[in-house]
Structure formats: structure tokens, C-alpha cells
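K.L.:
one predicted model, sequence on top.
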Amino acid sequence: MTDFRALISRLAGAGVEFIIVGGAAATAHGSARLTLDLDIVYRRTPANISRLVGALAPHQPYPRGAPPGLPFAWDERTVSNGLNFTLTTALGALDLLAEITGGGGYDELLPHSDRLELYGVECLCLGLERLVHVKRAAGRPKDFEAIAELEAIVEERRKLG
Amino acid sequence: MTDVSRRTERFGPDPVIEAYKRDVDRTLIRENLRLTVEQRFDALVRLQQFAEELRRAGGAAPTRDEAR
């Protein structure tokens, strides 16, 4: 199970620059669908990668679904040399994304993100309209239901004014 | 103009998504929109716990063959 509170608090508390995307962002906007992991887009600067590595290091990040015992080193070099990491951690499942289809990286997503006060910390979450846009851009049939729900949320919000 | 409304104006509504939209439970959405963001995450965690409990119970239940 993913401890959203702990993951978000640890990352934001360490000053990591990240944007919540995917199912957790949909939850933030009012989705009732179950999501099992936290997806974030992180800023690819050396300083931010260093903060990200430091924040997660105590929580045993490891490639999710990989057999145990792989020579996986969680350090700045690994993150700098890679882009996207699908991880299991002691706090739950965490996907670190350098960029997303139809949305780009952190700097491109930043103007389309909402600032949230969550669990006592401030963090960024991809805005509802842009979330619909990137899900559409991904073009995955498995996202059709999610897109339909997100568009229904857009409509319901509009009704609320 | 928003991404969604810009796209809808340009191409019209996507018939596939519109078909899926008919089955969206809007009562759940309206309930969620009344909650704070933190309360929405708390509800997600409870849903995860419930799903995990169902998986555990399903794994522990005897199969039809074992029950005979």
C-alpha cells in the first residue's frame, strides 16, 4: 500500500521540486478511482536530483517488479543517467518521471500546475485541464474511463461555478 | 479558453469518451468535490486498504474444488 502522506511530506519537506501527475493528481481533483502508486514529474537539475536522492534514500527505493539482488545503486549518478524510474519504496509505489507524453518535463508542466496545501506541506499538482490533455495525448485505451471521469469532473466543477 | 474546451471546439466531443462518460458515477464526483484535497487522499487510502483486504480474503478463501 502506498503511504501518500509520507511520500508527499518527505519529498516536499526535502525541498524536492516535483509535480503530482497521474492517478494521484486525478484524486486531488476529485476522482473516485483507485490508484495504487504516486506518479511525479521531477525537475532534472543536479541540485534537485540530489535532493530527490537524499529524500528517498532512507526508504529503500528499488526497481518495482525486479528480482532482488540487482546491482541497483540509488544515487545521483543513477538518476542523472536515467529518466523514468518505477520504484518500490518502504513508503509504497512511486513512479519518478522526467517527462510525460503530451506534457513535457517539469518546466513545461509548471505553468499548468496547481499549488496545493497537503498534509501540512505545499506541493504542486498538474491542473485538471492539462491532466485531461496529457491523458488524451497518451492515447492509451486503458485511460478512456479515466478521461471520461476527468471530463465529467470538469463539467461538474463548471456547474458549481 | 481551456485545453478541453479548445479541443472540443476544434474537433467536437470525442464519441468514444462521450460513450464512456455515460457510465461515470457523477454522485461520487459530487461527493468528492465537497471534500478537501486532503480528505480525498484519505478516502483513497481507505479504498486501498479495502482493496488489499479483499485481495487477502480472496487469496485465503478456499477454491471451489477445495471446498468440495
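P.N.:
Nice, thanks for sending it over.
K.L.:
where along chain B do the helices fall?
P.N.:
Assigned by DSSP state H, the helices in chain B fall at B:3-11, B:15-21, B:26-33, B:37-60, B:64-67.
K.L.:
now render the ones you listed as a markdown table, adding distance to chain A, mean pLDDT and mean neighbour count.
P.N.:
Yep, even glycine has a C-beta here, placed from its N, CA and C like the rest. Listed next are the helices of chain B as a markdown table, based on distance: least, CB to the nearest CB, whole Å; pLDDT from 0 to 100; neighbours: other CB atoms under 10 Å in any protein chain shown:
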| stretch | distance to chain A | mean pLDDT | mean neighbour count |
| --- | --- | --- | --- |
| helix B:3-11 | 4 | 57 | 13 |
| helix B:15-21 | 4 | 92 | 15 |
| helix B:26-33 | 4 | 96 | 16 |
| helix B:37-60 | 5 | 92 | 13 |
| helix B:64-67 | 27 | 73 | 7 |
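K.L.:
so the most centrally placed residue in chain A: helix, strand or coil?
P.N.:
With distances taken as CA atoms, centre = their mean, A:Ile40 lies nearest the centre of chain A, 1.8 Å away. The three-state label given to A:Ile40 by DSSP: H, G, I helix; E, B strand; the rest coil is strand.
K.L.:
where's A:Arg158, which helix or strand?
P.N.:
Here A:Arg158, judged by DSSP states H and E, is contained in helix A:144-160.
K.L.:
picking up where we left off before, make CSV out of the helices of chain B and add distance to A:Ala12.
P.N.:
Converted to CSV, the helices of chain B look like this (distance: least, CB to CB, whole Å):
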stretch, distance to A:Ala12
helix B:3-11, 26
helix B:15-21, 33
helix B:26-33, 23
helix B:37-60, 13
helix B:64-67, 48
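K.L.:
out of those, which is closest to A:Pro67?
P.N.:
Among the helices of chain B, helix B:37-60 comes nearest to A:Pro67, with 22.0 Å by CB to CB.
K.L.:
what are the contacting residues of the closest one?
P.N.:
A:1-5, A:24, A:27-28, A:30, A:34-36, A:116-119, A:125, B:32, B:35 (CB atoms under 8 Å, 6 or more residues apart in numbering or on different chains).
K.L.:
can you turn the buried part of these into a PyMOL selection?
P.N.:
A single PyMOL command selects the buried members of those (16 or more other CB atoms under 10 Å in any protein chain shown):
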select buried, (chain A and resi 2+3+4+5+24+27+28+30+35+116+118+119+125) or (chain B and resi 32)
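K.L.:
picking that back up, do the helix holding A:Arg158 and chain B meet at all?
P.N.:
Yes: Helix A:144-160 reaches chain B (CB under 8 Å from any CB of the partner chain) through A:144-145, A:147-149, A:151-154, A:156-157, A:160.
K.L.:
narrow these to just the buried residues.
P.N.:
Among those, the ones that count as buried by 16+ other CB under 10 Å are A:144, A:147-149, A:151-154, A:156.
K.L.:
spell out which residues of chain A are next to chain B.
P.N.:
Applying CB under 8 Å from any CB, we find that chain A lies next to chain B at A:1-5, A:24, A:27-28, A:30-32, A:34-36, A:116-119, A:125, A:129-130, A:132-133, A:136, A:144-145, A:147-149, A:151-154, A:156-157, A:160.
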